[in-house]
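**Student:** Only the shape, not the letters, is given here:
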């Protein structure tokens with residue numbers, strides 16, 4: 001039995017979970033999420049708790065047992081509290097500003113970079129150098145934050161670029177003149 005897969009998911013009373021033929025739908029105060037269940041994986045609901053079970057000991061089912069449980073748990077957390085990733089921009093003249101449904105980033109290129117924000121994601125810019133990406137879908141929040149970071153990854157010599165808050169950038173020494 002999977003150690004993660006056998007953990008029980010508890011959810012608050014303001015969250016409604018419904019199961020279709022092979023789809024789990026989670027509704028909460030922040031929105032609605034749904035996910036497809038792998039074949040052979042079932043969920044059992046009791047008062048405020050969910051248990052994820054598999055029907056056999058096949059390798060494919062054992063591999064997706066813990067994953068399915070984690071995905072459902074993330075959906076419950078997403079519709080109740082949501083997820084967020086924080087990014088910071090470092091570099092002289094580097095900045096970000098929000099315009100309607102897009103993020104305008106000045107990152108040292110010849111022209112500003114426009115990033116279109118997908119539906120279901122909220123982006124906030126604080127002091128032109130701090131970006132907060134938030135939403136109810138953990139995968140989408142992480143993907144959007146990674147795409148924004150990929151526009152100008154931090155370089156190891158001066159540390160200029162976009163990085164996650166708390167991320168450590170290993171610095172390299174530059175060229176040194178030998179006499």
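**Tutor:** Ah, there it is. Values in this document were obtained by computation on a predicted structure and should not be read as measured data.

**Student:** Doesn't residue 139 belong to a helix?
**Tutor:** Yes - assessed by DSSP: H, G, I helix; E, B strand; the rest coil, residue 139 belongs to a helix.

**Student:** Pull the distance from stretch 68-87 to the chain's centre.
**Tutor:** 8 Å (C-alpha atoms, centre = their mean, to the nearest Å).

**Student:** Can you list the buried residues in that stretch?
**Tutor:** Applying a neighbour-count criterion of 16 or more other C-beta atoms under 10 Å, one finds 68-80, 82-83, 85, 87 buried in stretch 68-87. Backbone N, C-alpha and C define where each C-beta goes, glycine included.

**Student:** next one: stretch 10-25
**Tutor:** Of the residues in stretch 10-25, 11, 15, 17, 24 count as buried by neighbour count, 16+ other C-beta under 10 Å.

**Student:** Which ones among those residues lie within strands?
**Tutor:** Among the buried residues of stretch 10-25, the members falling in strands (DSSP state E) are 17, 24.

**Student:** List the contacts of the spatially most central residue of the chain.
**Tutor:** In the chain, the residue lying closest to the centroid (C-alpha atoms, centre = their mean) is residue 142, at 2.8 Å. Contacts for residue 142 (C-beta atoms under 8 Å, 6 or more residues apart in numbering) come out as 83, 85.

**Student:** that's a helix at it, yeah?
**Tutor:** Yes - under three-state DSSP, residue 142 sits within a helix.

**Student:** Who is residue 86 paired with across the strands?
**Tutor:** residue 132 (DSSP bridges).

**Student:** meant to ask about residue 41, not that
**Tutor:** residue 54.

**Student:** Residue 63 is in contact with that one, correct?
**Tutor:** No - with contacts defined as C-beta atoms under 8 Å, residue 41 does not count as touching residue 63, sitting 10.8 Å away.

**Student:** rewinding a little: ok, the residue nearest to the centre of the chain to residue 127 distance?
**Tutor:** Distance, residue 142 to residue 127, using C-beta to C-beta, to the nearest Å: 23 Å.

**Student:** Then residue 14?
**Tutor:** Residue 14 is 34 Å from residue 127, where distance means C-beta to C-beta.

**Student:** before we move on, what about residue 115?
**Tutor:** Distance from residue 115 to residue 127, by C-beta to C-beta: 18 Å.

**Student:** Alright, calling it a day.
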